[in-house]
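[1] based on what follows, work out the 3D shape:
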Amino acid sequence: RDLHGKLSMRASITSSLHFDNCAVPQENQLPCAKGLKAALSCLSQARFGIGWGVIGAAMDCYETARAYTLARKQFDDKPLAGHQLVQEKLAWMITEISKAQLLALHVAKLKDAGKVEAAHISMLKRNNVAMALECARLSRDLLGANGIMDEYPIMRHMCNLETVKTYEGTDHIHTLVIGERVTGVPAYR
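    The predicted structure follows:
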């Protein structure tokens, strides 16, 4: 059955599945030794995609905030973008987006060369989702009350990014993966 009332990811259909007394023929089953490997490979691919995808959300937040602060005038007809604090937030966003793009490219090159590790992909997802969420928050602040209105994409991005932060592994899981890589000591086994 389809599930409704989601606060985020409304463009995708979410459904629940229930199997009762379902038999799967042997030829359609994954071999026992390969099931976990296949699942982990899918997780890795999804995390990699998320690390790239959130850059687009961050860029949309930045571009929306930039356009808004250039167009909105206050205090002697000066655009909001002419204030130091506004410029600081815009500068932070575009710098962090650029860094996220470089990290994504680096991990992609490692992946293409067959040298990518789980920790690289965890760093990509963890870093880029946090960056995109902060861009959404800063954009919401720069738009003021308009930052929570439907006519601007900021709140949609915030809700979606909060969801993305959770699936395919929370920050805590990625911290454990990265921590094991840098220390050589697993914290969860």
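[2] need the per-residue pLDDT for Ala23.
    For Ala23, the pLDDT comes out at 89.
[3] tell me how many other residues surround it.
    Using other CB atoms under 10 Å, Ala23 has 7 neighbouring residues. The C-beta positions use only the backbone N, C-alpha and C, and glycine is treated the same way.
[4] and for Ser8?
    For Ser8, using other CB under 10 Å, the count is 16.
[5] from Ile50, how far out is it?
    Noted for Ser8: a distance of 14 Å to Ile50, by CB to CB, to the nearest Å.
[6] and stretch 52-67, how far out from the chain's middle?
    Averaging C-alpha positions (CA atoms, centre = their mean, to the nearest Å) puts stretch 52-67 12 Å from its chain's average.
[7] buried residues, that stretch. List them.
    52-55, 57-62, 64-66 (16 or more other CB atoms under 10 Å).
[8] can I get the residues you listed in CSV with pLDDT, distance to Gly82 and secondary structure?
    Output for the buried residues of stretch 52-67, formatted as CSV (pLDDT from 0 to 100; distance: CB to CB, whole Å; DSSP: H, G, I helix; E, B strand; the rest coil):
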residue, pLDDT, distance to Gly82, secondary structure
Trp52, 97, 34, helix
Gly53, 96, 33, helix
Val54, 98, 30, helix
Ile55, 99, 28, helix
Ala57, 98, 27, helix
Ala58, 99, 23, helix
Met59, 99, 23, helix
Asp60, 99, 23, helix
Cys61, 99, 20, helix
Tyr62, 99, 18, helix
Thr64, 99, 18, helix
Ala65, 99, 14, helix
Arg66, 99, 13, helix
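[9] possible to save the residues you listed as CSV with distance to Val177?
    Formatted as CSV, the buried residues of stretch 52-67 follow (distance: CB to CB, whole Å):
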residue, distance to Val177
Trp52, 18
Gly53, 20
Val54, 18
Ile55, 21
Ala57, 23
Ala58, 23
Met59, 27
Asp60, 28
Cys61, 27
Tyr62, 29
Thr64, 33
Ala65, 32
Arg66, 35
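[10] just the helices in this structure please.
    Under the criterion DSSP state H, helices of the chain are mapped to 32-71, 84-112, 118-143, 154-166, 171-183.
[11] tell me which helix or strand in this structure has the weakest average pLDDT.
    strand 2-3 (a mean of 73; mean pLDDT, DSSP states H and E).
[12] for that one, name the packing helices and strands.
    Contact here means 3 or more CB pairs under 8 Å, 6 or more residues apart in numbering; DSSP states H and E; on that basis strand 2-3 packs against strand 14-15.
[13] could you name the helices and strands sitting against the strand it packs on?
    With contacts taken as 3+ CB pairs under 8 Å, 6+ apart, strand 14-15 sits against strand 2-3.
[14] quick one: residues in contact with the strand it packs on.
    Ile13, Thr14, Ser15, Ser16 (CB atoms under 8 Å, 6 or more residues apart in numbering).
[15] now swap in stretch 130-146 and tell me
    So stretch 130-146 is contacted by 54-55, 57-58, 61-62, 64-65, 68-69, 80, 86, 89-90, 92-93, 96-97, 99-100, 147-148, 152, 154-155, 157-158, 161-162, 165, 171 (CB under 8 Å, 6+ apart).
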